[in-house]
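> here are the coordinates; sequence isn't available:
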């Protein structure tokens, strides 16, 4: 079984949580999105698209908070402005910055076999576990937390339109 690491990208996207030691897994979500993971290769079937990605030569964004994001499709990779796909990885007990996007929607998909995570959206806390999907609309302040003390939390994120740094607005309290 091959181990792999991925970090949370600051992308408006659909996010999927993937266990850091998963060798092969496929999850179909209630909205019809299907994500397959096998030894560092990923297949995403959603909205009529069938996309295949791997971790080779992909840009990695390190938030310096225990969260890293790998962009597979979007402005930093294939110049797709319509939507972006990324995988986010959170170290044990790490979180994303509290933030919002003025113009972008994010979908998060949870795939980790033993996910222990939560998201807070506009002050409302929601537990996340394997197979969950959540949509975050433009303007909603949100933050993701890995609640595990031992395991990384990995997500796939779809953002539409594609994630852009200038629409990542950190909320300082």
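Sure, I can see it. Source: prediction; values computed, not measured.
> so residue 144 sits in a strand?
Yes. Using DSSP: H, G, I helix; E, B strand; the rest coil, the secondary structure at residue 144 is a strand.
> in this structure it contacts residue 117, no?
Yes. If you go by Cβ atoms under 8 Å, residue 144 and residue 117 touch, sitting 6.6 Å apart. C-beta coordinates here come from the backbone N, C-alpha and C atoms, glycine included.
> between those two, who's got more neighbours?
Shown here are residue 144 and residue 117; by other Cβ atoms under 10 Å, residue 144 has more neighbours (28 against 23).
> what sits against that one?
Neighbouring residues of residue 144 by Cβ atoms under 8 Å, 6 or more residues apart in numbering: 8, 15, 67, 88, 90, 95-96, 108, 117-119, 155.
> repeat that for residue 94.
Residue 94 touches 65-67, 145-146, 153, counting by Cβ under 8 Å, 6+ apart.
> could you identify the most distant pair in the residues you listed?
65 and 153 (13.1 Å; Cβ to Cβ).
> format the contacts of residue 94 as CSV; extra columns: neighbour count, pLDDT and distance to residue 172.
As requested, these are exported to CSV (neighbours: other Cβ atoms under 10 Å; pLDDT from 0 to 100; distance: Cβ to Cβ, whole Å):
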residue, neighbour count, pLDDT, distance to residue 172
65, 14, 87, 14
66, 19, 92, 18
67, 24, 93, 17
145, 18, 96, 18
146, 29, 94, 22
153, 34, 89, 24
